[in-house]
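1. I need the structure of the sequence given here:
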Amino acid sequence: MSSKASDQEPTGALFKAGKIIDILADNNGIGPAEVAAVSGIPRSSAYRILDGLVQVGLVKVNQDDTYSLSLSWLDLSDVARSSLTEWPKAYDLLAELTTLTGQTSFLTVISGFETVCVECAQGQSFDALILRPGGTLPFFAGAAGRVCLAYSDEQIQEDYLQQAPFEGYNENSLVTSDALCADIKQIQKRGFAISNEDITIGVAS
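-> As a prediction, this is how the structure comes out:
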């Protein structure tokens, strides 16, 4: 084996493991054959990677021989949040906003074509929100994501809109390129986004 191939092999293995972890995050309780089919990874490699993830405690085997992410990710999530030293007083500010408005406040950051919730302060409304710290939403859904899309570089906007139409959460979701282009112009004009039941019916932001 050449030195170059040896250097590249761990990166390839990590990429495949990351792909499988993403699949498990979207599909709780999925069989190894289906993991292989969805990921495009050969079945023997998928089995081997799943076994390795189980051994290090990141994945668990269910009673029906399907796989799920383990509770270890909760600890990792807490550690990741505590390491975000850029916003040491984020919750205090969010709590203040929530006290003033009575509404739930979120701090989200961009990760690829998604927004990641870093922190939130629960408001007075009923608890019907799907976003929690560590949770993600795509650019096309929700006020925070659409604001991030609207103020991203034009090349990022173009690359993202080329992926449209997207699979929406309900009939109110903006999923086409034309709808999102119009939304981007409106957000840039007024300086904020309005999410009117485009994720959860009965909830706006």
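
2. skipping adjacent residues, who's closest to the residue nearest the centre of the chain in space?
-> The residue lying closest to the centre of the chain (CA atoms, centre = their mean) is Thr136, at 2.7 Å. Closest residue in space to Thr136, ignoring its immediate chain neighbours: Glu114 at 4.5 Å, by CB to CB, 6 or more residues apart in numbering. All C-beta atoms are positioned from the backbone trio N, CA, C, and that covers glycine.

3. bridged to that neighbour, which residues?
-> Ser111, Pro138 (DSSP bridges).

4. pretty sure it contacts Gly145?
-> Yes - if you go by CB atoms under 8 Å, Glu114 and Gly145 touch, sitting 7.3 Å apart.

5. neighbour count winner among the two?
-> Taking neighbours as other CB atoms under 10 Å, Glu114 and Gly145 compare with Gly145 leading, 24 against 16.

6. how near is the more buried one to Ser152?
-> From Gly145 over to Ser152 the distance is 11 Å, taken as CB to CB, to the nearest Å.

7. now the common contact residues for those two.
-> Residues touching both Gly145 and Ser152 by CB atoms under 8 Å, 6 or more residues apart in numbering: Phe139.

8. check the gap between Thr108 and Glu167 for me.
-> Counting by CB to CB, the gap from Thr108 to Glu167 is 21 Å.

9. before we move on, the earlier item: joint contacts of Glu114 and Gly145?
-> Common neighbours of Glu114 and Gly145 (CB under 8 Å, 6+ apart) are 137-139.

10. among these, which has the minimum pLDDT value?
-> Lowest pLDDT among those: Leu137, with 89.

11. and the residue nearest to Thr136, what is it in contact with?
-> Per CB under 8 Å, 6+ apart, neighbours of Glu114: 136-139, 145.

12. at 10 Å what do you get?
-> Counting by CB atoms under 10 Å, 6 or more residues apart in numbering, Glu114 touches 108, 135-139, 141, 145, 148.

13. same check, this time on Phe140
-> With the criterion set at CB under 10 Å, 6+ apart, Phe140 makes contact with 113, 146, 149, 160-161, 163-169, 173-176, 179-180, 183, 198.

14. of Thr108 and Glu167, which one has the most company?
-> Neighbour comparison, Thr108 and Glu167: the larger count goes to Thr108, with 23 against 8 (by other CB under 10 Å).

15. tell me which residues touch the more buried one, please.
-> Going by CB under 10 Å, 6+ apart, the list of residues near Thr108 reads 114-120, 131, 133, 135-137, 142-145, 147-148.

16. and if you look at Val56?
-> Val56 touches 17, 70, 72, counting by CB under 10 Å, 6+ apart.

17. just send the shared contacts of Glu114 and Gly145 back as a markdown table, with distance to Val59 too.
-> Output for the shared contacts of Glu114 and Gly145, formatted as a markdown table (distance: CB to CB, whole Å):
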| residue | distance to Val59 |
| --- | --- |
| Leu137 | 24 |
| Pro138 | 25 |
| Phe139 | 28 |
